[in-house]
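S.K.: this is the structure alone, sequence omitted:
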């Protein structure tokens, strides 16, 4: 009774399943090879390919441009490493301010609405230029006047507005019954937000948040418009000097290499959360 | 082989944990089979296996004379001939009641919009929900939602209806409405396999009752046999627990 042996029918069924599995694997590999093969073939066999290869995919130029891009890339890394936590804090604060229901906080709420409307509407590139050139001209006391600082502030303010909206969507997607049951436990509205609504909302918005961060990592290249010597600037510098655009491809690869690990990490975290919360419920 | 559904030697396990073992079950057209047993005894898993929501580890399930536990079988085709209703209703919150009901007839069975709507309204009428056709599920009470879920499962004209503890999430006063609907279906001759905790209902409606314990059908028979003269000690214990909660409490039906 306890030591069960699969029946003949089950053995046969397993064999069929294995066969079906093998077939779908073969099909997947074949489809992949064909599609990517055709894409590669189409590119390489195009009439202008040799000159494109020389101009954009030249190994010598890539090697030569690499050190200066590598060095300048640190600026981009520094920018988003500092900006991302600040954006998260700002975005969440603005989203929460919009949810505030206390009468005295009405001005804060209005300010939050105004902030998102304004800064989501202005192109990030304009914000970077306006902040980096305009703010130092104010000759404010006690704040740094470097281009880097104000470009960073522009990125934070611009992306803070987007992220605030993402958080708000997440908060509003949590069913009102959650807030109600928190309130019946005697939690204040702020506590209900802090311990019940926001944790669920954050989980739900991780994918769109990641999306914004990937976008931010690329947009750190916008600081090159105000003359900050970041990776994009270095690449363009090299391209202009040598009449070869391989350096631009190299910098593109840098940015891709930066975003992919982040995407995989977030996928993993997200999956783990989902598995834990939905264990057994399908 | 003449029956509608034939299950033999069904086994299901999750890793080392065996949830169902040696399940034999025959359902003929017009049968109402009630699965009873404590939580975790395997009632829901059995229903999910029948609907091919779970891959079985051994045994055979035949439905309308064809083996459906074969991996090569078209699962969607099989499911289009079965209906299933869940404990938590599982209605689609973004669709109106009418759209919930007509989705499968229109998209799976290719019924025209007008015809699907007419059939849905007819069923809603029958279940006393005619005025709710344009409502969204969240605007309805739990009992109403569950009756909509029943209508949704019936709208495709399935040959077999699987009901998984459909009253377990409802208020006692709403349970009656839903059970009345099921009773009506049983009277019409709808073939059903249902997991339930409503013993009085099972006794009333079932043509056969199966008592599950630790993933096995320990005992099956007519309601009279199971409820008045159970053979197994386990069955007796279970029944006295659910029929007389609080030990030796008043007569009458449990829960």
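M.R.: In hand now; what should we look at? Computed from a predicted structure; not experimentally measured.

S.K.: quick check: closest non-adjacent residue to the residue in the stretch 1-150 of chain A positioned nearest to chain B.
M.R.: In the stretch 1-150 of chain A, the residue that lies nearest chain B is residue A:10 (4.3 Å; Cβ to the nearest Cβ). In short, each C-beta sits where N, CA and C put it, glycine included. Closest residue in space to residue A:10, ignoring its immediate chain neighbours: residue B:58 at 4.3 Å, by Cβ to Cβ, 6 or more residues apart in numbering or on different chains.

S.K.: so who does residue B:194 touch?
M.R.: B:32, B:33, B:34, B:35, B:161, B:162, B:163, B:164, B:166, B:182 (Cβ atoms under 8 Å, 6 or more residues apart in numbering or on different chains).

S.K.: TSV for the residues you listed, including pLDDT and secondary structure?
M.R.: TSV is the format used below for the contacts of residue B:194 (pLDDT from 0 to 100; DSSP: H, G, I helix; E, B strand; the rest coil):
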residue	pLDDT	secondary structure
B:32	94	strand
B:33	95	strand
B:34	95	strand
B:35	95	strand
B:161	95	strand
B:162	95	strand
B:163	94	strand
B:164	93	strand
B:166	90	coil
B:182	92	helix
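
S.K.: now flag whichever of those residues is closest to residue A:35.
M.R.: Looking at these and their distance to residue A:35, the nearest is residue B:162, at 41.2 Å (Cβ to Cβ).

S.K.: tell me how many other residues surround that closest one.
M.R.: Residue B:162 is flanked by 23 other residues according to other Cβ atoms under 10 Å in any protein chain shown.

S.K.: pairing partners for it in the sheet, please.
M.R.: residue B:84, residue B:193 (DSSP bridges).

S.K.: rewinding a little: reformat the contacts of residue B:194 as TSV; add distance to residue A:95.
M.R.: As requested, those are exported to TSV (distance: Cβ to Cβ, whole Å):
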residue	distance to residue A:95
B:32	53
B:33	52
B:34	50
B:35	48
B:161	46
B:162	44
B:163	43
B:164	39
B:166	39
B:182	46
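
S.K.: which one of the residues you listed is nearest residue B:44?
M.R.: Nearest to residue B:44 out of those is residue B:164 (Cβ to Cβ; 5.3 Å).

S.K.: OK, contacts around the closest residue to chain A within chain B?
M.R.: For chain B and chain A, the shortest gap (Cβ to the nearest Cβ) falls at residue B:58, measuring 4.3 Å. Residue B:58 is in contact with A:4, A:6, A:7, A:9, A:10, B:9, B:10, B:11, counting by Cβ under 8 Å, 6+ apart.

S.K.: can you say which of those are buried?
M.R.: Applying a neighbour-count criterion of 16 or more other Cβ atoms under 10 Å in any protein chain shown, the buried members of the contacts of residue B:58 are A:9, A:10, B:10, B:11.

S.K.: the helix or strand where the third one lies and chain A in contact?
M.R.: Yep, that's residue B:10 we're talking about. Using DSSP states H and E, residue B:10 maps to strand B:5-14. Yes: residues of strand B:5-14 contacting chain A under Cβ under 8 Å from any Cβ of the partner chain: B:9, B:11.

S.K.: how far is that strand from where the chain is centred?
M.R.: 17 Å (Cα atoms, centre = their mean, to the nearest Å).

S.K.: tell me what it is packed against?
M.R.: strand B:17-27, helix B:43-50, strand B:58-63 (3 or more Cβ pairs under 8 Å, 6 or more residues apart in numbering or on different chains; DSSP states H and E).

S.K.: gap between the residue of chain B closest to chain A and residue A:4?
M.R.: According to Cβ to Cβ, to the nearest Å, residue B:58 stands 7 Å off from residue A:4.

S.K.: what of residue A:77?
M.R.: 57 Å.

S.K.: mind telling me what element the closest residue to residue A:255 other than its chain neighbours is part of?
M.R.: In space, and not counting its chain neighbours, residue A:255 is closest to residue A:218: 5.7 Å by Cβ to Cβ, 6+ apart. Under the criterion of DSSP H and E, residue A:218 resides in helix A:198-219.

S.K.: name the helices or strands packed onto that helix?
M.R.: Judged by 3+ Cβ pairs under 8 Å, 6+ apart, the packing partners of helix A:198-219 are helix A:59-99, helix A:147-173, helix A:246-277.

S.K.: tell me which of the ones you listed sits most buried.
M.R.: Most buried of those, by mean neighbour count (mean count of other Cβ atoms under 10 Å in any protein chain shown): helix A:147-173, with a mean of 22.

S.K.: show me what from chain B comes close to chain A.
M.R.: Residues of chain B lying near chain A (Cβ under 8 Å from any Cβ): B:9, B:11, B:18, B:21, B:53, B:57-60, B:69-72.
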